[in-house]
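Novice: below is the structure, and that's it, no one-letter string:
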């Protein structure tokens, strides 16, 4: 089944007993259908429907690739501030929204949840529904657009999405700062998150490196770096192509070995030491993005071991890359609220279960 | 049920006498009134949970209420139900400077959060005009906005987690303390659900670092059109101001009269633009902004030179709604949204609608978001005037829909805009929302009658 319109997607949902919406396939651990579930391929449901640059909003079909949208926006000096990952690997707008993934640059203005304005989707009962809108501020009706962020095709099939965008920064500069050890690195991170600096990204590369990204007007960006030196005592400056390339490889997970699992783990900076304590002797490669609010952990194999580890730490992880298997690892339970929402939007269990 | 409540609460926590109930009959939207059977003044989260469970057992509707500042009738009582008052649940349970978050009870006033974290250089960003009194619980229920949503968003963009009691009495925890999450955004769904999904007991708020520097500019224009064009020019320039606000001459007069704001009295429109951020960036942006403003043909431009001057500019803006009371006996405020590129045309249409209905409309609004606030002024003591004002306001809302906007930017649907919901959304859209509502609240007891045009139960 390869619908090219929302109505065809609606028909497909009604025709299929059980289904899993898939699109670009850039996140195989999330998009591989479970046994007995038919893939509903949405990559032909694509195209930008509406883009008025002076509105700073656009509407596109769910299967539109991020690269198409980014090219369109950048021609008007605009960008997606939530810095979506895996664009170079074919990620689509709908897949980004359904997986709820944002990149390191979401540190500045917020994640995909903070930029989605409206959505059209097919419920598990086969209704084609709109919610939210196309204007940047809206408080009418239940916020289905936010609900569907991270919903992994469990609550509906996304067909059309509206987003707000921002003016693109004129220039970027990154500062790499090395510290003696993890403790000092975390101290540095805390300082930088609590002083009034408008950082674009702030990543911790364990055990002892911080990556600090600035964005803004070209004329003053260097002088802004000096504010950071007061807290870090210096650092290595990166600019230009190498800087852009470095962040692209972070965001597109070029650092994850083929065949490994990549797990997204929401965390807070204060819990990083406990996690590092568990992981430092393992083969896992990790990076803490968004000021220490998300751990990306690349894991060679054996999800059970990581599952146990996350349970000990009372954390939850979602597998994004790697072979098909469990989606959630660690402590993951659904509240009665979640179960009721699922029941209302997918009464016949056409879509995969929440866990 | 009243007998059960009497067993649970001392008389100072349970109001049942007419004289005590009258203050609760309406909220910030006085056009609607209903007297509840009782008011329970809760003092703890347990009180709230127990009261909700009792309402569930007895199938009695309840309305949660903070300070009663809703402009959409969101806290209007149900005449067969009770009010659960949350003002005494006003503790800030945790303030974490390092993680930049606060965990608060629903009765904490919006501004109290910013004041409590100010010593740490932090603030809570959403800033409705009623922020000295309106509560976080109400902000969450109606996804409140304010003058600074352009850059950092509304309430829902600042809530990380919620502990809530659902309509059937279960207590759930949604979200976490992290900025990131996996799985569906349950917290995002709860925010703005207008009390239909239950009552928030604890809310985890994201705090921001106070900017180094502000540049606040007040520009006066001969006409609203000119101010609207200036907004379009600022937005198109690639600057991202923290706030971009407009008010018209009628509002300027009201504000000058009641607040001595000292705004240019003869201006056709005033524009407030505020840049915020790191000093070096803000100063560089300010050079661009000055150029744009000077090219937009203002007849006077003032830039706040210090914090006191900045506060004075904002005092007039934040006090504008209350100030309208000095020039009109009564008014209705709408908060529809239009695409930003249609602001000028929308304002011209409001003028035309206003003239046709023979009632004055004062405009003071979040121009950068396209979020209008037309205040329809009328004399409520004259028979039939409320209906005339409502007819005018309805036309404005329908105009917003026609232009591809929304019926509400930040006040919520509540009672006031229920009738417009079906113009904004299709029948099936609303049916799915209602199915979700019924699944979470089969008896329809939580804030019964709000948001949906045809609710489960007849309205008072």
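Specialist: That came in fine, so what should we check first? None of the values given here were measured: they were computed from a predicted structure. Numbering: from 1, shown residues only, chains lettered A, B, ... in the order given.
Novice: the helix or strand that contains residue B:201 - what's its average pLDDT?
Specialist: If you go by DSSP states H and E, residue B:201 is part of strand B:199-206. Averaging pLDDT along strand B:199-206 yields 98.
Novice: that one pairs with which strands, parallel or anti?
Specialist: In the sheet, strand B:199-206 lines up against strand B:101-104 (antiparallel), strand B:159-165 (antiparallel) (DSSP bridges).
Novice: neighbours of the residue lying closest to residue A:21 once chain neighbours are set aside, how many?
Specialist: Using Cβ to Cβ, 6 or more residues apart in numbering or on different chains and skipping residues adjacent in sequence, the residue nearest residue A:21 is residue A:153, 4.1 Å away. From N, CA and C alone the C-beta is placed, and that goes for glycine too. Applying other Cβ atoms under 10 Å in any protein chain shown, we find 27 residues neighbouring residue A:153.
Novice: is it true that residue A:153 lies in a helix?
Specialist: No - assessed with DSSP: H, G, I helix; E, B strand; the rest coil, residue A:153 is coil; it does not lie in a helix.
Novice: that one against residue A:99, yeah?
Specialist: No - applying Cβ atoms under 8 Å as the test, residue A:153 and residue A:99 come out as separate, 9.3 Å apart.
Novice: circling back to that earlier point, so what's the gap between whatever helix or strand comes next after the strand holding residue B:201 and the chain middle?
Specialist: Note on strand B:199-206: by DSSP H and E, the next helix or strand toward the C-terminus is strand B:208-209. Remark: strand B:208-209 is offset 21 Å from the chain centroid, using Cα atoms, centre = their mean, to the nearest Å.
Novice: same question, stretch A:307-317
Specialist: 20 Å.
Novice: quick one: end-to-end length of that stretch, please.
Specialist: 8 Å (Cα to Cα, to the nearest Å).
Novice: what is the burial count for the closest residue to chain B within the stretch 1-150 of chain A?
Specialist: Of all residues in the stretch 1-150 of chain A, residue A:146 sits closest to chain B, at 2.8 Å by Cβ to the nearest Cβ. Residue neighbour count, defined by other Cβ under 10 Å, stands at 28 for residue A:146.
Novice: and it, what does it touch?
Specialist: Residue A:146 makes contact with A:113, A:116, B:156, B:185, B:188, B:189, B:191 under the criterion Cβ atoms under 8 Å, 6 or more residues apart in numbering or on different chains.
Novice: rerun at 6 Å
Specialist: A:113, B:185, B:188 (Cβ atoms under 6 Å, 6 or more residues apart in numbering or on different chains).
Novice: can you add secondary structure and distance to residue A:40 and give these back as JSON lines?
Specialist: What follows is these, written out as JSON lines (DSSP: H, G, I helix; E, B strand; the rest coil; distance: Cβ to Cβ, whole Å):
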{"residue": "A:113", "secondary structure": "helix", "distance to residue A:40": "24"}
{"residue": "B:185", "secondary structure": "coil", "distance to residue A:40": "22"}
{"residue": "B:188", "secondary structure": "helix", "distance to residue A:40": "24"}
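Novice: would you mark the buried spots in stretch A:33-53?
Specialist: Under the neighbour-count criterion of 16 or more other Cβ atoms under 10 Å in any protein chain shown, stretch A:33-53 has A:33, A:37, A:39, A:40, A:41, A:42, A:43, A:45, A:46, A:51, A:53 buried.
Novice: avg pLDDT for that stretch?
Specialist: Here the average pLDDT along stretch A:33-53 is 93.
Novice: what sits up against that stretch?
Specialist: Contacts of stretch A:33-53 (Cβ under 6 Å, 6+ apart): A:1-4, A:12, A:16, A:18-23, A:58-64, A:76, A:352.
Novice: list only buried entries from the residues you listed.
Specialist: A:3, A:12, A:18-23, A:58-64, A:76, A:352.
Novice: turn the strands paired with strand B:199-206 into CSV, columns for mean pLDDT, mean neighbour count and distance to residue A:187.
Specialist: Shown next, in CSV, are these (pLDDT from 0 to 100; neighbours: other Cβ atoms under 10 Å in any protein chain shown; distance: least, Cβ to Cβ, whole Å):
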stretch, mean pLDDT, mean neighbour count, distance to residue A:187
strand B:101-104, 98, 24, 19
strand B:159-165, 98, 23, 23
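Novice: what residues does the stretch 1-150 of chain B have near chain A?
Specialist: When proximity is defined by Cβ under 6 Å from any Cβ of the partner chain, the stretch 1-150 of chain B lies next to chain A at B:98, B:99, B:143.
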